[in-house]
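J.: Coordinates for the following, if possible.
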Amino acid sequence: ARAAIAACVAALYSAMCGFAPSVLRAAWMGGAALLADAAGRPSSGRRALWLSALVLIAWSPALACDLGFQFSFLATWGLLSMSPLLADRLRSWLGVPHEAAMPAGIFRSPGDLIRGNKRARAFGVMVRWRFVFMSLAIDLAVTPLAPLIWCTPLQLLHFAKLSAWSLPANWLADGIVIYLTYAGFAITAAGMIWSPLAFPGPWLLGVPLAILDFALRLLHGLPGAVITLPPPPTWSVAWAYVALCAWQALRMPALRQALPFSAGLRAGSFLSAFAALAIGAHAAAAPSGRLEVVFLDVGQGDAILVRGPRGSCAIVDAGPGGQDRGVTSGAGNGAASGAASGAANGAVGGAAIGEVTVAMTATMSGWNSGSAIVVPAMRHMGCRKLDLVALTHPHGDHMGGMAGILGKVPVHEVWDAGQSMDSKPYGAFLMGVLAADLPLVVPGPAHSRLLDGVRWSVLAPSHPQFSGTRSDCNNDSLVIGLEWGVTRILLAGDLESEGEHRLLRSAPAAALRADVLKVPHHGSRFGSTPEFLVAVRPRASVVSAGRQNAFGHPAPAVLARLADYGPIYRTDRHGAVALLASASTWSIQPFF
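T.: Next up is the predicted model:
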């Protein structure tokens with residue numbers, strides 16, 4: 001009866017949790033323990049874990065590829081197999097015996113105080129409880145360590161991130177969550193008996209929760225809270241797990257006795273697990289010998305990361321600074337464009353009302369694509385510095401993320417279109433460049449630079465600056481051509497029809513030809529004119545736009561024109577889009 005009730009409770013709890021993989025794993029492990037108890041056989045946590053994994057994968061093979069299932073299995077395996085070993089080793093170092101190994105002269109419970117010599121009784125109980133508390137502290141210390149060791153290779157493979165404060169955070173959370181669990185059950189039971197007994201619950205539970213929340217926020221703000229690393233290759237992760245399994249196998253008594261150097265082998269296999277991860281991450285960060293251009297998914301905005309064949313790094317724009325990734329700083333289609341078009345030639349040099357409003361929103365909302373997306377992407381690709389930062393034009397969806405980059409990442413040079421736009425965000429950007437004593441270049445149409453073998457050619461803006469167009473700021477965008485080997489890429493900023501027509505008149509026809517076009521102005525209906533596309537003749541196009549943005553980017557008419565020139569990649573549908581070019585060929589790999 002007891003086993004049946006426990007099984008029903010486990011099934012009900014699993015249903016309440018939506019049958020999450022980790023909950024199903026725990027439920028099946030509990031079921032295995034109940035079966036062993038019913039059969040009169042001793043239960044084994046490791047066998048129960050393997051049984052639950054086999055049953056769940058047989059029931060749904062797709063669970064083997066579920067990250068939640070993988071992390072749950074590895075963390076539980078670490079708790080069951082490695083935590084006892086680490087705890088025993090730590091007890092041995094500190095000289096703390098197990099409870100079963102307590103010296104006979106040490107009294108076994110506080111009840112011993114009622115027998116024998118008072119001083120001896122008090123001393124014995126004190127010594128015993130000192131060992132008990134030390135043993136408990138050791139268990140709490142190693143509890144998060146073992147799962148961390150087993151989950152780290154998988155975490156690096158999928159997320160390429162670590163935290164220097166994960167152990168302190170888990171130590172704190174373990175103690176508070178244990179208290180909350182028991183206190184919550186006690187308060188619930190008391191409230192069921194007599195409801196006034198549950199009144200102190202919000203204070204008894206809320207205060208520890210507030211302390212935990214405050215402490216975790218404090219740790220999150222410390223240096224090293226999130227360390228982004230180059231993702232290790234699969235072979236290094238596989239080797240790490242093979243080495244960890246070998247370390248545990250060498251702990252078996254039979255192998256320890258059979259192998260004369262088992263201690264050295266154990267140490268070597270344990271260290272080789274993390275050596276493999278370090279070597280793999282270093283190999284991933286090494287220059288690839290190819291040009292990599294990644295059009296990052298920053299929502300409604302532009303951010304392009306360029307890594308040269310020998311490891312140089314540069315960015316063109318940095319995305320928005322606003323919390324809403326679907327917000328745009330460019331005037332778009334539909335109802336928004338009507339209001340925007342009436343604001344041309346204002347105090348901000350012809351920027352649309354929507355552009356100014358969103359630039360202000362991006363500044364005040366706190367979220368920043370530079371620190372949230374661009375910098376982690378740099379770390380992911382092995383970039384530790386920026387040889388070049390280019391801002392195509394001072395609108396919030398291109399400039400907002402700069403605040404999360406400048407001053408936080410070493411920068412060698414900054415390119416700016418040199419527009420006479422009077423806005424606080426743009427002024428703050430320029431002041432930040434000057435305060436950091438960075439070289440600020442306003443390149444003209446003849447400007448060219450060779451960076452890591454890649455030719456950077458500026459095609460626009462030309463002078464005089466636009467005046468009286470729908471968006472002068474967009475039309476005066478910095479237009480950059482990249483060339484390496486046989487690959488040509490045109491980054492067209494936020495050009496609209498007027499800017500495109502001027503570019504067709506001023507730039508040589510050969511300079512406009514490109515294999516890949518970064519579609520101007522997020523694919524709005526105000527750009528990508530037929531004449532411009534005929535001159536560029538792209539073999540593939542990339543549109544950087546926010547998912548379900550309020551402006552309808554990209555416009556259906558533009559997509560129809562682009563379809564005549566090859567495949568179209570969109571960050572709102574494909575996520576980050578990566579262009580990989582060797583000296584003789586190129587390919588595009590979308591994230592989705």
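J.: quick check: domain ranges of this structure?
T.: 2-220, 234-285, 291-590 (automatic domain parsing).
J.: what mean pLDDT does the last one have?
T.: By that I understand domain 291-590. Averaging pLDDT along domain 291-590 yields 85.
J.: measure that domain end to end?
T.: Start-to-end span of domain 291-590 (C-alpha to C-alpha, to the nearest Å) is 16 Å.
J.: now do stretch 230-238
T.: 16 Å.
J.: how about it: buried residues?
T.: Across stretch 230-238, burial judged by 16 or more other C-beta atoms under 10 Å covers 230, 231, 232, 233, 236, 237. C-beta coordinates here come from the backbone N, C-alpha and C atoms, glycine included.
J.: Quick check: mean pLDDT of that stretch?
T.: 86.
J.: What lies in contact with it?
T.: Identification of contacts with stretch 230-238 by C-beta atoms under 8 Å, 6 or more residues apart in numbering yields 153-154, 156-157, 160, 276-277, 279-285, 379-382.
J.: sorry, back to before: can I get the buried residues of stretch 230-238 in JSON lines with secondary structure and distance to residue 65?
T.: Conversion of the buried residues of stretch 230-238 to JSON lines gives the following (DSSP: H, G, I helix; E, B strand; the rest coil; distance: C-beta to C-beta, whole Å):
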{"residue": "230", "secondary structure": "coil", "distance to residue 65": "23"}
{"residue": "231", "secondary structure": "coil", "distance to residue 65": "18"}
{"residue": "232", "secondary structure": "coil", "distance to residue 65": "19"}
{"residue": "233", "secondary structure": "coil", "distance to residue 65": "19"}
{"residue": "236", "secondary structure": "helix", "distance to residue 65": "20"}
{"residue": "237", "secondary structure": "helix", "distance to residue 65": "15"}
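J.: center of the chain - which residue?
T.: Taking C-alpha atoms, centre = their mean as the criterion, residue 159 is the residue nearest the geometric centre of the chain, at 5.9 Å.
J.: so which of the domains of the chain is the most packed in?
T.: Sort the domains of the chain by mean neighbour count, taking mean count of other C-beta atoms under 10 Å, and domain 291-590 sits at the top with a mean of 21.
J.: packing partners for the longest helix seen in the chain?
T.: Counting by DSSP state H, the longest helix found in the chain is helix 166-193. With contacts taken as 3 or more C-beta pairs under 8 Å, 6 or more residues apart in numbering; DSSP states H and E, helix 166-193 sits against helix 118-142, helix 145-159, helix 201-220.
J.: Check which element follows the second one along the chain.
T.: Of the helices and strands lying after helix 145-159 in sequence (DSSP states H and E), the nearest is strand 161-162.
J.: for that next one, packing partners?
T.: helix 145-159, strand 227-228.
J.: ok, 10 Å please
T.: Strand 161-162 is packed against helix 145-159, strand 227-228, helix 375-380, with contacts defined by 3 or more C-beta pairs under 10 Å, 6 or more residues apart in numbering; DSSP states H and E.
J.: List the neighbouring strands of that strand plus their orientation.
T.: Sheet pairing of strand 161-162 (DSSP bridges) gives strand 227-228 (antiparallel).
J.: Mind listing residues that contact the partner strand?
T.: 159, 160, 161, 162, 163, 164, 375, 376, 377, 378, 379, 380 (C-beta atoms under 10 Å, 6 or more residues apart in numbering).
J.: re earlier: closest one of the buried residues of stretch 230-238 to residue 422?
T.: residue 230 (41.6 Å; C-beta to C-beta).
J.: picking up where we left off before, please convert the helices and strands packed on strand 161-162 to TSV, extending it with distance to residue 477.
T.: Listed next are the helices and strands packed on strand 161-162 as TSV, based on distance: least, C-beta to C-beta, whole Å:
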stretch	distance to residue 477
helix 145-159	35
strand 227-228	30
helix 375-380	22
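J.: Look at the residue nearest to the centre of the chain and report its pLDDT.
T.: 84.
J.: so what's it up against?
T.: Contact analysis of residue 159 by C-beta under 10 Å, 6+ apart lists 67, 228, 229, 231, 376, 380.
J.: For the residue lying closest to the first one once chain neighbours are set aside, list the residues it contacts.
T.: Residue nearest to residue 67 in three dimensions, not counting chain neighbours: residue 158, with 6.4 Å by C-beta to C-beta, 6 or more residues apart in numbering. If a contact means C-beta under 10 Å, 6+ apart, then residue 158 has 67, 70, 71, 231, 237 as its contacts.
J.: and residue 396, how far is that from residue 474?
T.: Separation of residue 396 from residue 474 (C-beta to C-beta, to the nearest Å): 13 Å.
J.: oh, I was asking about residue 584
T.: 36 Å.
J.: Next: residue 518.
T.: For residue 518, the distance to residue 474 - C-beta to C-beta - is 14 Å.
J.: What of residue 560?
T.: From residue 560 to residue 474 the distance is 22 Å (C-beta to C-beta).
J.: Equivalent analysis for residue 134, please.
T.: 68 Å.
J.: For residue 455, which non-adjacent residue is spatially closest?
T.: Closest to residue 455 by C-beta to C-beta, 6+ apart is residue 483, at 4.3 Å.
J.: Restrict the helix or strand that contains that neighbour to CA atoms and write it as PDB.
T.: Assessed by DSSP H and E, residue 483 sits inside strand 479-484. Extracted in PDB, the C-alpha atoms of strand 479-484 (Å, rounded to 0.1, in the frame of the first residue of the first chain):
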ATOM      1  CA  VAL A 479      28.800  51.700 -47.200                       C
ATOM      2  CA  ILE A 480      31.600  49.200 -47.000                       C
ATOM      3  CA  GLY A 481      32.800  46.700 -49.500                       C
ATOM      4  CA  LEU A 482      34.800  43.600 -48.200                       C
ATOM      5  CA  GLU A 483      37.000  41.600 -50.600                       C
ATOM      6  CA  TRP A 484      39.100  38.500 -49.900                       C
END
